[in-house]
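Trainee: Quick one, fold the following:
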Amino acid sequence: MSDRGIVTKIITKKLATVVMLPEKRPHSDKDCVNCGGCGKTSEKVETTALNLVGAKPGDIVLLESDEGKSIWLMAVMMMGPILIPLAFFMGATWLGLAPIIRGILAGLGMYTAYRIIKYYNNKMANEDPITRIVRILEKSNLAQIAEVASDKPYVER
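Mentor: Purely as a prediction, here's the structure:
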């Protein structure tokens with residue numbers, strides 16, 4: 001998935017904070033409303049992006065996200081707490097264990113799901129971000145950063 005945004009600050013040599021604006025998205029509003037993929041059709045979205053192209057604050061940039069990794073993380077975060085305890089419970093039922101043991105194993109499944117989510121959270125914190133700056137579309141205009149920081153809609157000049 002690609003998107004446009006404005007670099008608001010440089011965190012480290014290779015990381016930057018970028019605000020993605022709905023007015024700057026490369027697709028039309030109709031597509032945005034129908035898709036709802038990002039869940040933020042009319043709001044500013046702030047993200048941390050890998051900055052290997054040397055973008056500076058105020059630059060309008062093209063961003064790309066690793067969709068496969070995003071979908072995998074969403075599946076782990078959303079489905080893990082449902083499917084893992086259910087699998088533990090159904091396995092105990094299939095084995096014909098007592099109801100109290102099934103409940104204990106379902107609780108163990110919840111704890112297992114929690115540990116898996118915690119593992120992926122720590123792993124993602126130590127890796128490069130999913131989003132990366134691919135190209136600088138327009139060079140620095142520091143007045144844009146002030147508008148991005150405010151709650152007023154951004155108006156392209």
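Trainee: did I read that right, V18 in a strand?
Mentor: Yes. Using DSSP: H, G, I helix; E, B strand; the rest coil, the secondary structure at V18 is a strand.
Trainee: Can you name the residues bridging to it?
Mentor: When bridges are called by DSSP bridges, V18 pairs up with V7, T47.
Trainee: Could you give the number of residues near it?
Mentor: 27 (other Cβ atoms under 10 Å). C-beta here means a position set from N, CA and C on the backbone, and glycine is covered the same way.
Trainee: residues in contact with it?
Mentor: Going by Cβ atoms under 8 Å, 6 or more residues apart in numbering, V18 touches 5-8, 46-49, 61, 63, 131, 133.
Trainee: and whichever helix or strand S70 is part of, which residues are buried?
Mentor: Assignment of secondary structure by DSSP states H and E places S70 within helix 67-94. Buried residues in helix 67-94, counted by 16 or more other Cβ atoms under 10 Å: 73, 76, 80-81, 84-85, 88-89, 92.
Trainee: rewinding a little: output the contacts of V18 in a markdown table; the columns should cover pLDDT.
Mentor: Shown next, in a markdown table, are the contacts of V18 (pLDDT from 0 to 100):
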| residue | pLDDT |
| --- | --- |
| G5 | 85 |
| I6 | 86 |
| V7 | 88 |
| T8 | 88 |
| E46 | 82 |
| T47 | 84 |
| T48 | 86 |
| A49 | 88 |
| V61 | 88 |
| L63 | 87 |
| T131 | 85 |
| I133 | 87 |
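Trainee: Now tabulate the residues you listed in CSV and tack on distance to A106.
Mentor: Compiled in CSV, these are given as follows (distance: Cβ to Cβ, whole Å):
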residue, distance to A106
G5, 43
I6, 47
V7, 46
T8, 45
E46, 38
T47, 36
T48, 36
A49, 40
V61, 46
L63, 41
T131, 36
I133, 44
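Trainee: Which of the residues you listed are buried, as a ChimeraX select command?
Mentor: The ChimeraX selection below is limited to those of the contacts of V18 classed as buried (16+ other Cβ under 10 Å):
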select :5,6,7,8,47,49,61,63,131,133
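Trainee: Return the member of the contacts of V18 nearest to K118.
Mentor: T48 (20.0 Å; Cβ to Cβ).
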